[in-house]
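Undergrad: predicted model and sequence follow; I will ask about them next.
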Amino acid sequence: MSTPDATLREITFGEAVREAIAEEMRRDPRVFYMGEDVAAAGTAFKVLLGLLDEFGKERVINAPISEAGYASLGVGAAITGMRPIVDIMFGDFLTFAMDQIVNQAAKVHYMSGGSLKVPLTIRTTLGATRRSAAQHSQSLHAWFGHVPGLKVALPATPYDAKGLLKAAIRDDNPVMVFEDKMSYKIKGPVPEGEYVISLGVADVKRPGSDITVVATSSMVYVALAAAERLAQAGISAEVVDPRTIVPLDAQTLIASVKKTGRAIVVDEGVERYGVTAELAAVIADGAFDYLDAPVKRMGAMNVPVPFSPVLEDRTVPTPDALVELAKTLCGRV
Amino acid sequence: MTQWLHMYREMLKIRLFEEQVNQLYLKARMPGLAHLYSGEEAVAVGVIGALRGDDYITSTHRGHGHCLAKGATPDRMFAELLGKAAGYCRGKGGSMHIADTSTNNLGANGIVAGGAGIATGAALSAKMRGADQVVACFFGDGALGEGVVYEAMNMASLWTLPVVYVCENNLYGEYTACQDALAGDILARPRAFGIYAAEVDGQDVRAVHAAATQLVERSRRREGPTFLLCHTYRYSGHHVGDIDRAYYRPKREEQEWVTQRDPIRILGEWLVGERLASQETLDQAHAAVAAEIEAAAQFALDAPYPDVSEVDQHVYA
């Protein structure tokens, strides 16, 4: 992993994403960008504004509303010498492209005995609380973690968003990058210079000694807010962000829990059969003898995401709920 | 003359390859199943004969014919079908997934219509790289039921991509007659996207080759995608195990195609009738191809399986 360079600036998550793409497109003429409303509109989230002016419509390609179609064009271009970035506006729309991602992109290298490679990046979103209801709010990243052949990145900060996306674009495998759609305006330190974050390296977002909170994507902020309040209550929480769930840096997670003896895993996907289940199992296996309490999980409720704010806010993990659970685990209630 | 005799041998190679595959299945020497291309040889040989070596193809679950016509060798194909390390995919793909990068064959596909977008993406890649390669995308009438075909054709036309969609209408999708699955006129579908479309007797390799040559050159001249509908017939069942099939297809119909519309016989009779080859030459070709297929199958039977340690190799590049 590269370390931040001295000349740090504060930029938004969205700006970090745009920089990553622009730098990679400048560096490598094989990289191109394709998706719905990605050119003049700069995506529905306006993240890519300016990219069209620099690279033109031949490399920033507005696709029809045909996720299955252009995702499969991405696979075909990837196996014939290009390095496409395919944009799926809302993670919910990945459902259209499942055959292309699961049966084609993920399998081609293996099925061909290693003779074909699929250097394809799929950029998409996750996350609720945008008042977008059940078909624009899901966090479906766990599905892809279940498919051998895919890598799955979940950047939480502007720094991670840029470094992980650059790594994804340079990777010779299909990499799914899920960004929390509520994160684009978040600001954070990002160095001026070139850096890449290796896929499969977790990051300790806040050191602590009493309990480990493993948090992904949007839930890193929930975990950090909870850790701040736990500190006031005399509980030192360590927040560990895996950053990628495939490959998974199990070692860093397990080492943290061996140190603290307690763990809560927080992820915005639905809790049932979700990322939290897998990470909890990895921790329980790897740190069993060191655990002072069962590994606990917090995911989204097992319901479709409702529209009404009072209902929607009930469905996702919150700092309040996390603080309560951490206190219980630490015997402080 | 040499060209047609070559195509005769290519079609014969596919036919005898498939007959050998069926034997391997019947003798329980081949794991799993295979979908035989017998009866459709003129399509693969005619279309691929119109391509350059560096042009790409995508193929289907019924893909042995495309693979051989593009230049794969029978020994490594049999090895793949038997799950051996010498196979094109080190035994990891099997019959439905053979890809051969040495001939720019981007692979067969176990998903109906799975190649439509991949072929179109390869055409986008060719255009972006400034190469003048063309992509031939093979699929059956069954694939016309999948929406991704139309998404891909729409983008290919919109972006003037050099792809030739080759629809092999063999009249049956699995165990269902195509008239029970297809509404309207097949050619009206590509034409709705502004794609130049033609149809041809898929049992006449010279006709297929002539039509394909025209469409390939059109696409190579950057005039956009093209579509070739080939009327053909699947001699065997959906796969080698589909033996009792009278419930969806009359035996008499099968016999009519085999005895009256066989692509190898049609070309052979033309060659002899035009005095471009003697029956003796054709017989010699048959003997030579049969020996090649026999030796290739034996090679595969004798070849070692992959080491079990390979099971988790090639998951990631």
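TA: Thanks, I have the structure now.

Undergrad: now residue 167: which helix or strand?
TA: Picked chain A for this. helix A:158-170 (DSSP states H and E).

Undergrad: ah, no, chain B please
TA: Using DSSP H and E, B:C167 sits within strand B:163-169.

Undergrad: listing partners with orientation, what would you give for that strand?
TA: Sheet pairing here is set by DSSP bridges, and for strand B:163-169 it gives strand B:135-140 (parallel), strand B:226-231 (parallel).

Undergrad: for residue 283, what are its contacts?
TA: By default, I'm working from chain A. Counting by Cβ atoms under 8 Å, 6 or more residues apart in numbering or on different chains, A:I283 touches A:214, A:253-254, A:257, A:263, A:265, A:295. No exception for glycine: its C-beta is placed from N, CA and C like everyone else's.

Undergrad: run the last query once more with 6 Å
TA: A:253, A:257, A:263, A:295 (Cβ atoms under 6 Å, 6 or more residues apart in numbering or on different chains).

Undergrad: let me see the mean pLDDT of stretch A:224-237.
TA: Averaging pLDDT along stretch A:224-237 gives 98.

Undergrad: just stretch B:53-63 next, same as before
TA: For stretch B:53-63, mean pLDDT is 98.

Undergrad: those strands in the chain, which residues are they?
TA: In the absence of a named chain, chain A is used. A:8-12, A:31-35, A:60-62, A:83-88, A:121-126, A:151-153, A:175-180, A:187-191, A:203-206, A:211-215, A:237-241, A:244-246, A:263-270, A:296-300 (DSSP state E).

Undergrad: not what I meant, chain B
TA: Here chain B has its strands, by DSSP E, at B:56-58, B:135-140, B:163-169, B:172-173, B:176-177, B:196-201, B:226-231.

Undergrad: restricting to C-alpha, output the strand holding B:C167 in CSV.
TA: Taking Å, rounded to 0.1, in the frame of the first residue of the first chain, the C-alpha atoms of strand B:163-169 are listed here in CSV:
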residue,chain,number,x,y,z
VAL,B,163,-20.0,-7.4,-36.1
VAL,B,164,-21.7,-10.0,-38.3
TYR,B,165,-24.6,-11.6,-36.4
VAL,B,166,-25.0,-15.2,-37.7
CYS,B,167,-28.3,-16.7,-36.7
GLU,B,168,-28.3,-20.5,-37.2
ASN,B,169,-32.0,-21.3,-37.4
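
Undergrad: could you give me the buried positions within that strand?
TA: Buried positions in strand B:163-169, judged by neighbour count with 16 or more other Cβ atoms under 10 Å in any protein chain shown: B:163-169.

Undergrad: what's the closest of the residues you listed to chain A?
TA: Nearest to chain A among the buried residues of strand B:163-169 is B:V163, at 9.4 Å by Cβ to the nearest Cβ.

Undergrad: would you agree the closest one is in contact with B:G121?
TA: No: with contact defined as Cβ atoms under 6 Å, B:V163 does not count as touching B:G121 (9.4 Å).

Undergrad: list the buried ones in stretch A:90-97?
TA: Residues of stretch A:90-97 classed as buried: A:90-94, A:96-97 (neighbour count, 16+ other Cβ under 10 Å).

Undergrad: residues contacting residue 230?
TA: With no chain named, the answer covers chain A. By Cβ under 6 Å, 6+ apart, the neighbours of A:L230 are A:237, A:323, A:326.

Undergrad: right idea, wrong chain: chain B
TA: Counting by Cβ under 6 Å, 6+ apart, B:C230 has contacts B:43, B:168, B:200, B:202.

Undergrad: against chain A, how distant is it?
TA: 22 Å (Cβ to the nearest Cβ, to the nearest Å).

Undergrad: now do B:T226
TA: 17 Å.

Undergrad: that residue contacts B:Y165, correct?
TA: No: judged on Cβ under 6 Å, B:T226 makes no contact with B:Y165 at a distance of 7.2 Å.

Undergrad: all helices for the stretch 201-333 of chain A, in order.
TA: For the stretch 201-333 of chain A, helices defined by DSSP state H, counting those that start in this stretch occupy the ranges A:219-232, A:250-260, A:275-287, A:309-315, A:319-329.

Undergrad: quick one: the second one to strand A:211-215, angle?
TA: Read that as helix A:250-260. Counting by axes from the mean of the first three to the mean of the last three Cα atoms, to 10 degrees, helix A:250-260 points 150 degrees away from the direction of strand A:211-215.
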